[in-house]
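Novice: Task: produce atomic coordinates for the following.
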Amino acid sequence: MNLEQARFNMIEQQIRPWDVLDQTVLETIGFIQREHFVPKTHRALAFADVEIPIGHGEHMMFPRMEARMLQTLAITADDTCLEIGTGSGYVTACMAHLSKHVDSVDIYEDFTRQAEERLLPLKLRNHTLHTGDALRDWTPGKRYDAIAVTGSVPVYLNRFEECLAPGGRLFMVVGHGAVMQAVLVKHEEDGEFSHTKLFETSLKPLVGADSGAEHAFIF
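Specialist: Below you'll find the predicted structure:
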């Protein structure tokens, strides 16, 4: 496989047509080696328009979804970020490349460990990986400028917006089955939170997201 040609094709044929035109995001996708984060048994699919299995019934998101999420969050070099669901570590790497620092949490310890192993060769040192359940007992203890939730929830949870700093942005997918909505939440200057529906999509739920939504509402 010609890796650079395959990466170029992914960007031009999958990502740009999905209205991802931000040059900083496109350069990040071009720079971070996605194939480095794909399990060896699926390495040939690194740039394909598919959700790649990574274990525990989890998958890497479609490349176009990853890019659209990054563009929506509008991450800058001064931002401190949080990722809910480390997975392979690929989105973690992209967020670290774009930001001042990124914290990432995953419920599976082996995902956290493997992601760290993949990140180290890239010489990215502005990240901290955590193992825990972000829906329940794991709390970051600080607020963030950008939060990416990489699994869906059936109803909107304000647990994550409470972690937003003033001016912060939160991307998440809300809904059931094939009826899901990508949402952008902003912590506005007046202290209120705005909620903008972005596009319809489908994304595997966060582990345990189908239970315990006592502080939730449906869009």
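
Novice: which residues of the chain score low on pLDDT?
Specialist: For the chain, the stretches with pLDDT under 70 are 1, 211-219.

Novice: residue boundaries of the helices in it?
Specialist: Remark: helices assigned in the chain by DSSP state H are 3-10, 23-31, 63-73, 90-98, 109-119, 158-161.

Novice: In a markdown table: these, plus distance to residue 81 and mean neighbour count.
Specialist: Backbone N, C-alpha and C define where each C-beta goes, glycine included. Shown next, in a markdown table, are those (distance: least, Cβ to Cβ, whole Å; neighbours: other Cβ atoms under 10 Å):
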| stretch | distance to residue 81 | mean neighbour count |
| --- | --- | --- |
| helix 3-10 | 23 | 14 |
| helix 23-31 | 13 | 16 |
| helix 63-73 | 8 | 23 |
| helix 90-98 | 5 | 25 |
| helix 109-119 | 14 | 17 |
| helix 158-161 | 13 | 17 |
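
Novice: Dump the ones you listed into JSON lines; add distance to residue 139 as well.
Specialist: Converted to JSON lines, the helices of the chain look like this (distance: least, Cβ to Cβ, whole Å):
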{"stretch": "helix 3-10", "distance to residue 139": "36"}
{"stretch": "helix 23-31", "distance to residue 139": "29"}
{"stretch": "helix 63-73", "distance to residue 139": "21"}
{"stretch": "helix 90-98", "distance to residue 139": "19"}
{"stretch": "helix 109-119", "distance to residue 139": "17"}
{"stretch": "helix 158-161", "distance to residue 139": "9"}
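
Novice: Select, out of those helices, the one closest to residue 37.
Specialist: helix 90-98 (3.9 Å; Cβ to Cβ).
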